[in-house]
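Q: sequence and predicted model, in that order:
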Amino acid sequence: MDYVVKIRILLNTNFNIREFNDLMYEEAKPDIIEDNKSVIEEDPILCGYIDGNLIFRFLSNYKVLLTYDFNCNDENEAEAESFSKSCVEDIRKELERKGYPIEKISCRAGEMDMEWLEKLEDMVFSKPEQQTQSL
């Protein structure tokens, strides 16, 4: 069964507000995004399952909410969620090394919408008499 798992990762930026001001935090945002993207892109397993873009939302408490879709094929939703979470756990140490500890991981799996594929298969593999009837 194909599943899409909605991943949400809460990261702490460890931004030192005693030494720096909010303007410096604004300037640091592109670097924060690049640091996190590079860790994900360097992991051959995780990056292979990500569908679409990584979305970074900066929160008011100097934390970042990273969201993305993780597509996989598993026996059930629980296994899909477990696999996607283990892929995030595999990059935890590297994120921490760069200064971005993970505070929370949320994984919610749902069946992938495969209606488009079923329609395509019907068009390609249908019997000749069915094709003429549908025209």
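A: Arrived safely.

Q: kindly check the end-to-end length of stretch 37-50 for me.
A: From its first residue to its last, stretch 37-50 covers 12 Å (CA to CA, to the nearest Å).

Q: buried set for that stretch?
A: For stretch 37-50, burial by neighbour count (16 or more other CB atoms under 10 Å) applies to Val39, Ile40, Asp43, Leu46, Tyr49, Ile50. (C-beta placed from N, C-alpha, C; glycine too.)

Q: run the chain-centre distance for it.
A: On the basis of CA atoms, centre = their mean, to the nearest Å, the separation between the geometric centre of stretch 37-50 and that of its chain is 10 Å.

Q: show me where this protein has its helices.
A: 22-42, 44-49, 77-89, 92-97, 115-125, 128-134 (DSSP state H).

Q: so can I have CSV of those helices showing distance to Asn12 and mean pLDDT?
A: Conversion of these to CSV gives the following (distance: least, CB to CB, whole Å; pLDDT from 0 to 100):
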stretch, distance to Asn12, mean pLDDT
helix 22-42, 11, 92
helix 44-49, 20, 93
helix 77-89, 15, 95
helix 92-97, 10, 97
helix 115-125, 39, 59
helix 128-134, 56, 52
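
Q: quick one, which of the ones you listed is nearest to Leu65?
A: Nearest to Leu65, of all those, is helix 22-42, at 11.3 Å by CB to CB.

Q: quick check, pLDDT for Asp51.
A: According to the per-residue confidence, Asp51 scores 90 in pLDDT.

Q: what pairs with it across the strands?
A: Asp69 (DSSP bridges).

Q: how much space separates it from Leu11?
A: Taken as CB to CB, to the nearest Å, the spacing of Asp51 relative to Leu11 amounts to 21 Å.
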